[in-house]
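Visitor: Take a look and give me a structure for this.
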Amino acid sequence: MIYVYIILSIVSVSALAADCILRYMERIKSFDFHKKLFDVRGNTIPIHKFLPESLTMLLICIAALSGAGFLFSFMGMEWYFSLPCSVASGLCVCFAVQYLARNAVDMLRRSSLPKGEEAGNLDGYCLEKIGAGDCGRVCLFHKDREFEVNAGNAGEVEIDEGEKVVSLYENDGFYYVVRVDKIFDEIVDED
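Guide: Here you go, the predicted structure:
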């Protein structure tokens, strides 16, 4: 089993190096390694951060998995113990990079969503069904980043999970949003 871990390590590290060279040095993004792999979300616990979000994160996960597996096999652990432990190690590295490290970088960069009336016109999508006048969670986009925030439905129509929304304003940490198609319906009705 140690040879499987060595092969996985060599393949993932060389693919990750090629991705970094092409993406950051040559500015080539045509391989779509940054596109999302899964559309799984946890409601209260960010369980979705344990799964690799993109192909780049999948390569990092496989590199961590193979490194941990090699270490466990080198220590004399049987393959049926080392395989689940190495998979868990890879998923924990994904969580550390995708959740903990990104939050720390965001705090250092001070990248956050605008507040007050400046928060108007942010695009996003609904993470859970929000009834008319109710509160829930949405994902808003700002400066090529996704932010999961608490939101209130400012419209008279419920917002289903996955529907596109636009923010109107922010008040006390709540972003008031409406469905995008509802805005267009009101514009057409005024004409």
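Visitor: for this structure, what are the low-confidence residue spans?
Guide: The model of the chain has pLDDT under 70 over residues 26-45, 106-111, 182-191.
Visitor: Let me see the ranges of the strands in it.
Guide: Counting by DSSP state E, the chain has strands at residues 123-126, 135-142, 145-153, 164-171, 174-179.
Visitor: Quick one: work out the angle between the fourth one and strand 145-153.
Guide: Just to be clear, that refers to strand 164-171. Here strand 164-171 runs at an angle of 80 degrees relative to strand 145-153 (axes from the mean of the first three to the mean of the last three Cα atoms, to 10 degrees).
Visitor: quick one, helices of the chain?
Guide: Applying DSSP state H to the chain gives helices spanning 2-20, 55-74, 79-95, 102-109, 180-190.
Visitor: Now render these as CSV, adding mean neighbour count and distance to V149.
Guide: C-beta here means a position set from N, CA and C on the backbone, and glycine is covered the same way. Formatted as CSV, the helices of the chain follow (neighbours: other Cβ atoms under 10 Å; distance: least, Cβ to Cβ, whole Å):
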stretch, mean neighbour count, distance to V149
helix 2-20, 15, 30
helix 55-74, 20, 23
helix 79-95, 17, 21
helix 102-109, 11, 13
helix 180-190, 11, 17
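Visitor: Distance to E161 for those - can I get that in a markdown table?
Guide: A markdown table is the format used below for the helices of the chain (distance: least, Cβ to Cβ, whole Å):
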| stretch | distance to E161 |
| --- | --- |
| helix 2-20 | 32 |
| helix 55-74 | 24 |
| helix 79-95 | 24 |
| helix 102-109 | 24 |
| helix 180-190 | 15 |
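Visitor: Thanks again, I'm all set now.
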